[in-house]
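Asks: Have a look at this fold, sequence not included:
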């Protein structure tokens, strides 16, 4: 009789497992539906929890389609919650939500981008740059990748601009600007802004020939507004004045007579 008892026990276990699996399979679908209902009523935390549970259950039940949909929806909610916290200047909470979203569905790169924003506002600049670099190289969401690239450029350009914008910028200020621009150039191709601020940094240090070369590089790749182009011509004109190349200076200032630079450029043209 002993073998029979073992057989019966094994049969009972198999039946129990099948029933449990069926119930579990139904539960992940129920969780998905519950998540959708919670989202409809703007219960975002509840919806996120249900989607995460549904994703786990769907994977256990070998249902990759539902698992992916649930993870994607959870990541979208994390981004929404993170952005809400970010706009309230609660950067720690924002970072937590963005990180959760990046973990549950890495392909939704908006959360990685958001991580960079939160990290920067928490003073963790290197970590922010690393996050944005990952996003800039990620496939699929090109709009977010471009935003990450812009965030990187804006950070370093702001450093350079702030250093050179002082009333009496010094050689040390110019060195700070040049270091920021060099760091940016190591990460991505220099654009007109990089060359312009490099020209201004060289000019501040009295490196006139280098300033002229950088300004010319800026003009060669410039594709922005006329006002941005005018400021490049203006620093080019000033550099030519420094080496007493008056004709070249006049040519540059003729092209700088626009917007913010108009009055100063006209003054140079009247006095040269």
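Replies: Everything's here; your move. All figures in this text were calculated on a predicted structure; none of them were measured in a lab.

Asks: Show me what the helix or strand containing residue 239 is packed up against.
Replies: Using DSSP states H and E, residue 239 sits in helix 226-242. In this structure, helix 226-242 makes packing contacts with helix 192-204, helix 208-221, helix 246-255, helix 262-271, judged by 3 or more CB pairs under 8 Å, 6 or more residues apart in numbering; DSSP states H and E. Using the backbone N, CA and C atoms, a C-beta is placed for each residue, glycine as well.

Asks: Comparing those, which comes out most buried?
Replies: Burial of those is given as mean neighbour count (mean count of other CB atoms under 10 Å); helix 192-204 ranks first at a mean of 24.

Asks: Against residue 121, how distant is the most centrally placed residue in the chain?
Replies: Geometric centre of the chain, nearest residue: residue 148, 2.6 Å, by CA atoms, centre = their mean. Relative to residue 121, residue 148 is positioned 16 Å away (CB to CB, to the nearest Å).

Asks: and if you look at residue 79?
Replies: Residue 79 is 16 Å from residue 121, by CB to CB.

Asks: Same drill for the two, tell me which one is more crowded.
Replies: residue 79 (22 against 15; other CB atoms under 10 Å).

Asks: Mind listing what's buried along the helix or strand harbouring the more buried one?
Replies: With secondary structure defined by DSSP H and E, residue 79 is part of helix 64-87. Neighbour-count burial for helix 64-87, counted by 16 or more other CB atoms under 10 Å, picks out 66-67, 69-83, 85-86.

Asks: So what angle separates the directions of the helix or strand immediately after that helix in the chain and helix 64-87?
Replies: For helix 64-87, the succeeding helix or strand toward the C-terminus, using DSSP H and E, is helix 91-104. Helix 91-104 runs at 170 degrees relative to helix 64-87, counting by axes from the mean of the first three to the mean of the last three CA atoms, to 10 degrees.

Asks: What's the first helix or strand after helix 91-104?
Replies: Next along from helix 91-104, by DSSP H and E: helix 110-121.

Asks: what does whichever helix or strand comes after that next one rub up against?
Replies: Moving toward the C-terminus from helix 110-121, the next helix or strand (DSSP H and E) is helix 125-136. Contacting residues not belonging to helix 125-136 are listed as 109, 112-113, 115-117, 119-120, 144-145, 147-149, 151-152, 155, 187-188 [CB atoms under 8 Å, 6 or more residues apart in numbering].

Asks: same thing but at 7 Å, please
Replies: 109, 112-113, 115-116, 119-120, 144-145, 148-149, 151-152, 187 (CB atoms under 7 Å, 6 or more residues apart in numbering).

Asks: can I get those in JSON lines with distance to residue 177?
Replies: Formatted as JSON lines, these follow (distance: CB to CB, whole Å):
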{"residue": "109", "distance to residue 177": "31"}
{"residue": "112", "distance to residue 177": "29"}
{"residue": "113", "distance to residue 177": "27"}
{"residue": "115", "distance to residue 177": "28"}
{"residue": "116", "distance to residue 177": "23"}
{"residue": "119", "distance to residue 177": "23"}
{"residue": "120", "distance to residue 177": "19"}
{"residue": "144", "distance to residue 177": "29"}
{"residue": "145", "distance to residue 177": "27"}
{"residue": "148", "distance to residue 177": "23"}
{"residue": "149", "distance to residue 177": "20"}
{"residue": "151", "distance to residue 177": "19"}
{"residue": "152", "distance to residue 177": "16"}
{"residue": "187", "distance to residue 177": "16"}
